[in-house]
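Asker: got a predicted model here, sequence first, then my questions.
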Amino acid sequence: MYRMIQLESLIPETLPGVSLFINHGGNHVLYKNQTHSFTQTDKERLIDNNVKFLFVKAVDMSTYNQYVESNLAALMNDENLEPLAKQNMLYQASVNYVQEIFDSPAVSIKQNVDRCRNLIQNILNDVMSSDGVMPALSSLVDHNAYTYVHSVQVATYSISLHVKAFDLSRDELMDVGIGSLFHDYGKLYIPRVLLEKPGKLSAAEFTEVKKHPVYGYSTLKDLDIFTPVALGIVKHHHEKENGNGYPDGLSSYDIARSSKITAITDVFSALTTNRSYRQALSKESAMEIMYGEMDGSFDMQYLNTFRDSLN
Ligand SMILES: [Fe+2]
Ligand SMILES: [Fe+2]
């Protein structure tokens, strides 16, 4: 199995060891072996030949995704790239992350895989081509690439869980997609040093970080493109069933279902991703924590549905 990647997203001489393929009359032909470096001349030659996409093997996608994650901010700031190219790249990167979630045996969603994946990619495409969304998303990437990758994961899981738990229209799923994609948007206003700090935050630092739902909510509200459902997710994804969450300390019946669901997928994404201070946990260990020491935080019905939807 091969996955399509965008030529523009490759910075010459920086690509990690993955083999690259080109499409030749419908077949995937080896273009460059993993031991050979990808040079500026290679890139120019491909552009001259009107090649826009290359292919990598599906097994190499996580290496490629890590590469994109660490270079995305640089690409977004590259003055030689057209805005449209940046938009495509960001979309492509998101599609890759969605793909990775569905491909990975460690953390995957089992039912209606193809339908769900296509739906999510379509929704992300629509979300991202809405007015004003792309610049907002690019600034988030620029501020903290991890937050962006995490956001795509949360959007993917949240849409999937909504599909599984309810019978929703496409517009309703769009709201969930946009709200969960932007749930951490307020982190743009939290200093990078805090977001990237290895180890535990001090009490004062944590107080600062906890302001992100309100920062995100007030900024996005002013953009006038988000619905109340989407804005609710941004503001209330850290509320807990037992009332111990923030910013409003809401409990159970006062929390909207889309916020309850995003609270679950948010924690799951964070626990199952590699961070500078901690290795990614397996989905079993993540679930153990969510059912165990985080008991009381989540809506049990949705948590059970989520657990059942994972392979
Ligand atoms: Fe958050
Ligand atoms: Fe989050």
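Answerer: Ah, there it is. Ligands and ions are numbered 1, 2, ... in the order given.
Asker: now do the same contact list for residue 294.
Answerer: Residues in contact with residue 294 (Cβ atoms under 8 Å, 6 or more residues apart in numbering) are residue 267. C-beta here means a position set from N, CA and C on the backbone, and glycine is covered the same way.
Asker: ok, now how distant is it from residue 265?
Answerer: 14 Å (Cβ to Cβ, to the nearest Å).
Asker: per-domain residue ranges of the chain.
Answerer: 1-61, 82-309 (automatic domain parsing).
Asker: where does the residue nearest to residue 13 when sequence neighbours are not counted land in three-state SS?
Answerer: Distances taken as Cβ to Cβ, 6 or more residues apart in numbering place residue 37 nearest to residue 13, at 5.8 Å, with adjacent residues excluded. When classified by DSSP: H, G, I helix; E, B strand; the rest coil, residue 37 comes out as coil.
Asker: pick the most buried one from the domains of the chain.
Answerer: Most buried of these by mean neighbour count (mean count of other Cβ atoms under 10 Å) is domain 82-309; its value is a mean of 18.
Asker: spell out which parts of this structure neighbour ligand 2.
Answerer: Taking Cβ under 5 Å from the ion as the contact definition, the chain meets ligand 2 at 184, 266.
Asker: mean confidence score for stretch 122-139?
Answerer: Stretch 122-139 shows a mean pLDDT of 73.
Asker: all helices of the stretch 101-250 of the chain, in order?
Answerer: With helices called from DSSP state H, counting those that start in this stretch, the stretch 101-250 of the chain shows them at 113-129, 133-143, 145-165, 170-181, 192-195, 203-209, 212-223, 228-236.
Asker: now do the last one and helix 145-165, the angle between them.
Answerer: Following axes from the mean of the first three to the mean of the last three Cα atoms, to 10 degrees, one obtains 130 degrees for the angle between helix 228-236 and helix 145-165.
Asker: angle of helix 228-236 against helix 113-129?
Answerer: In terms of direction (the same axes, to 10 degrees), helix 228-236 departs from helix 113-129 by 90 degrees.
Asker: pLDDT below threshold where in the stretch 201-311 of the chain?
Answerer: 276, 311 (pLDDT under 70).
Asker: in it, which residue sits nearest ligand 2?
Answerer: Nearest to ligand 2 in the stretch 201-311 of the chain, going by Cβ to the ion, is residue 266, at a distance of 4.2 Å.
Asker: closest one to residue 272 among the helices of the stretch 101-250 of the chain?
Answerer: Closest to residue 272 of these, according to Cβ to Cβ: helix 145-165, at 8.4 Å.
Asker: pLDDT score for the closest residue to residue 58 other than its chain neighbours?
Answerer: Using Cβ to Cβ, 6+ apart and skipping the chain neighbours, the partner closest in space to residue 58 is residue 1 (4.0 Å). Note on residue 1: pLDDT of 81.
Asker: ok, now how distant is residue 1 from residue 265?
Answerer: Using Cβ to Cβ, we find residue 1 at a distance of 26 Å from residue 265.
Asker: do the same with residue 301
Answerer: To residue 265, residue 301 is 15 Å away according to Cβ to Cβ.
Asker: how much space between the residue in the stretch 101-250 of the chain that ligand 2 sits nearest to and residue 307?
Answerer: Taking Cβ to the ion, ligand 2 has its nearest neighbour within the stretch 101-250 of the chain at residue 184, 4.3 Å off. Going from residue 184 to residue 307 by Cβ to Cβ gives 23 Å.
Asker: next one: residue 262
Answerer: Separation of residue 262 from residue 307 (Cβ to Cβ) stands at 16 Å.
Asker: quick one: residues contacting the residue most central in space within the chain.
Answerer: What sits nearest the mean C-alpha location of the chain, by Cα atoms, centre = their mean, is residue 152, with 1.8 Å. Neighbouring residues of residue 152 by Cβ under 8 Å, 6+ apart: 93, 94, 97, 98, 124, 181.
Asker: now those residues as JSON lines including distance to residue 141?
Answerer: Compiled in JSON lines, these are given as follows (distance: Cβ to Cβ, whole Å):
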{"residue": "93", "distance to residue 141": "8"}
{"residue": "94", "distance to residue 141": "10"}
{"residue": "97", "distance to residue 141": "12"}
{"residue": "98", "distance to residue 141": "16"}
{"residue": "124", "distance to residue 141": "14"}
{"residue": "181", "distance to residue 141": "12"}
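Asker: these: which two are farthest apart?
Answerer: Between any two of the contacts of residue 152, the greatest separation by Cβ to Cβ is 12.8 Å, found for 93 and 181.
Asker: can you check the pLDDT for the closest residue to residue 85 other than its chain neighbours?
Answerer: Leaving aside its sequence neighbours, residue 85 sits nearest to residue 8 (Cβ to Cβ, 6+ apart; 5.1 Å). The model reports residue 8 with a pLDDT of 76.
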